[in-house]
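K.L.:
Build the 3D model from these lines:
(one chain, ligands or ions: 1)
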Amino acid sequence: MSNTPRITSEEDQILLDKESRYCSFGDTVHYIEPPRIFSRCEGSYVYDTNDQAYLDLQMWYSAVNFGYANPRLNNALKQQIDTLPQIASQYLHKGKIELSEMIAVDAKKKFGMDGRVHFNVGGSQSIEDSLKVVRNASNGKSLMFAFEGGYHGRTLGASSITSSYRYRRRYGHFGERAQFIPFPYHFRGPKGMSKEEYGSYCVKQFARLFETEYNGVWDPKVGQCEYAAFYVEPIQGTGGYVIPPMNFYSELKQVLDQHGILMVVDEIQMGFYRTGKLWSIEHFDVKPDVLVFGKALTNGLNPLGGIWAREELINPGIFPPGSTHSTFASNPLGTAVGLEMFKMTSEVDYGAMVMAKGKYFLAGLEDLKKRYKIVGDVDGLGLALRMEICGEDGFTPDKAKLDEMVEEGMKGDIEIDGRRLGLILDVGGYYKNVITLAPSLEISYPEIDLAIALLDRLLHRVTQK
Ligand SMILES: Cc1ncc(COP(=O)(O)O)c(C=O)c1O
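P.N.:
Numbers count the residues shown, from 1 in each chain. I've put the predicted structure just below:
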């Protein structure tokens, strides 16, 4: 382990003292002590107040897919500031209309369905809107299915369909919590089944709920389910970048369609080419009823999120003016960046680029898995990659070891090719032992090599005590 002392400058210490006095800690987890304070960012790097560079492999939980301070997207924002930076959401502006068109036309092409787009501020708020659309369209049915390990945000409605009780514990219930269904997490599933067999097994277990009225959710006499929708993250994000088998969602959707249950696809973390497609559900040959997005729509420059829903669920007859509202929804700064992001990604084959970089990155992770027993599992789809840190048996989750790696990375003292660097890692997974890797989609091949070399150093440090 490195013994580099953590130096906090006088200026940083003054700020930290003020933070402890004036800032709520409700939204702050100091993963390391003392916490770093950052002053600038560019490409795949963030820089602390000492101008120490850290290679970022989590990119603001996948909000900054196109690199920090992406010049083209930053310029779109600057231009909008100089033209129409503000306008009340009751008035129209070109950006809102054109961005909605862009998303709806693309969805029609991919899913063969007409639909409409509704914007809001951030992921959780867009999840709230999706809950309103779903509940409204199913005559007020308020019960939802969601997955164990799923994460849909921290507003009250979103927390109720997010699996962790920890996020609800302090607040009581403001509505019914979802019924959580097991996700095909193959690495930790029962032994002796292939990934695909396990996917089918999970669907069959879910389908059991509809066998008779006594399984608790289905009235066969009227052919109605008590539940309105099933919320899914195609690849679980906070749950540890768990990639289900490719047959899973089409088999699940059949069961949902047979029982009149909508599928709401949460693309907030995996959307916008993270997995090599605009929407990660495109890998699975399934047509969603509602799709929710956020984060990288604006490359993290503006908290714009939203939903696309099938015409039948969201047309003005069923979801009329005034059904919901937020002052900052469809704000022109956000829609301008979103539009530019769509233009930018239509000019280059982002899908092919991300898949190729992802394959290269995953090969590096696989090599580390061969060399370190504590790397239990690695996997990836596009540039959504995972590395599971375990005990020497390569299976027992070892959160403490991963925490050490995160801490070592944040020291910013790894010497590579004459450069001193830090490494920013995100922790996820059911046992909080998974490095969930979401590098910039613009990351270069030499930077991927560097990322693997830095991970190698961290693994070396924490295994050589
Ligand atoms: C899959 C998923 N859904 C919803 C959310 C909530 O989005 P926000 O944090 O913007 O409210 C997140 C955030 O991490 C997410 O990953």
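K.L.:
Next, count neighbours for whatever residue of the chain ends up closest to the ligand.
P.N.:
Closest contact between the chain and the ligand, by Cβ to the nearest ligand atom, is at residue 123 (2.2 Å). From N, CA and C alone the C-beta is placed, and that goes for glycine too. Using other Cβ atoms under 10 Å, residue 123 has 28 neighbouring residues.
K.L.:
In contact with the residue nearest to it when sequence neighbours are not counted, which residues?
P.N.:
Nearest residue to residue 123 in three dimensions, chain neighbours excluded: residue 294, at 3.5 Å (Cβ to Cβ, 6 or more residues apart in numbering). Applying Cβ atoms under 8 Å, 6 or more residues apart in numbering to residue 294 gives the contacts 63, 122-123, 126, 268, 271, 303-306.
K.L.:
Inside strands: which ones of the residues you listed?
P.N.:
Within these, residues falling in strands by DSSP state E are 304-306.
K.L.:
What ranges does the stretch 351-465 of the chain have for its strands?
P.N.:
For the stretch 351-465 of the chain, the strands defined by DSSP state E, counting those that start in this stretch cover 375-381, 384-389, 414-416, 419-424, 427-428, 434-437.
K.L.:
tell me the phi and psi of residue 252?
P.N.:
Backbone torsions of residue 252, given as degrees, to the nearest 10, read phi -60, psi -40.
K.L.:
cool, residue 147 as well?
P.N.:
Main-chain dihedrals, residue 147, degrees, to the nearest 10: phi -100, psi 150.
K.L.:
That one - how many residues pack around it?
P.N.:
Close neighbours of residue 147, defined as other Cβ under 10 Å, add up to 26.
K.L.:
quick one, the longest helix belonging to the chain and strand 384-389 angle?
P.N.:
For the chain, the helix with the greatest residue count under DSSP state H is helix 350-371. Counting by axes from the mean of the first three to the mean of the last three Cα atoms, to 10 degrees, helix 350-371 lies at 10 degrees to strand 384-389.
K.L.:
tell me the centre residue of this structure?
P.N.:
The centroid of the chain falls nearest to residue 269 when counting by Cα atoms, centre = their mean (2.0 Å).
K.L.:
and the closest residue to it other than its chain neighbours, what does it touch?
P.N.:
Using Cβ to Cβ, 6+ apart and skipping residues adjacent in sequence, the residue nearest residue 269 is residue 237, 3.7 Å away. Contact analysis of residue 237 by Cβ under 8 Å, 6+ apart lists 61-62, 151, 268-270, 428, 436.
K.L.:
rewinding a little: Serialize the strands of the stretch 351-465 of the chain to TSV and add fields for mean neighbour count, mean pLDDT and distance to the ligand.
P.N.:
Shown next, in TSV, are those (neighbours: other Cβ atoms under 10 Å; pLDDT from 0 to 100; distance: least, Cβ to the nearest ligand atom, whole Å):
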stretch	mean neighbour count	mean pLDDT	distance to the ligand
strand 375-381	21	98	15
strand 384-389	26	98	11
strand 414-416	15	96	28
strand 419-424	18	97	16
strand 427-428	22	96	10
strand 434-437	26	98	10
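K.L.:
who in the chain is up against the ligand?
P.N.:
Residues of the chain lying near the ligand by Cβ under 6 Å from any ligand atom: 61, 122-124, 127, 151-153, 233, 237-238, 266, 268-269, 294.
K.L.:
Tell me which of the residues you listed fall in helices.
P.N.:
Reading helices off the residues of the chain next to the ligand with DSSP H, I get 61, 123-124, 127.
K.L.:
part of a strand, is residue 46?
P.N.:
Yes - counting by DSSP: H, G, I helix; E, B strand; the rest coil, residue 46 is part of a strand.
K.L.:
Can you pull the poorly scored residue ranges out of this protein?
P.N.:
Applying pLDDT under 70 to the chain flags residues 1-7, 465.
K.L.:
How is it divided into domains?
P.N.:
As given by automatic domain parsing, the domain ranges for the chain are 10-69+350-463, 76-347.
K.L.:
Regarding the longest one, how distant is the last residue from the first?
P.N.:
Read it as domain 76-347. Start-to-end span of domain 76-347 (Cα to Cα, to the nearest Å) is 16 Å.
K.L.:
So what's the gap between that domain and the chain middle?
P.N.:
A distance of 11 Å separates the centroid of the chain from that of domain 76-347, by Cα atoms, centre = their mean, to the nearest Å.
K.L.:
Fine by me, thanks again.
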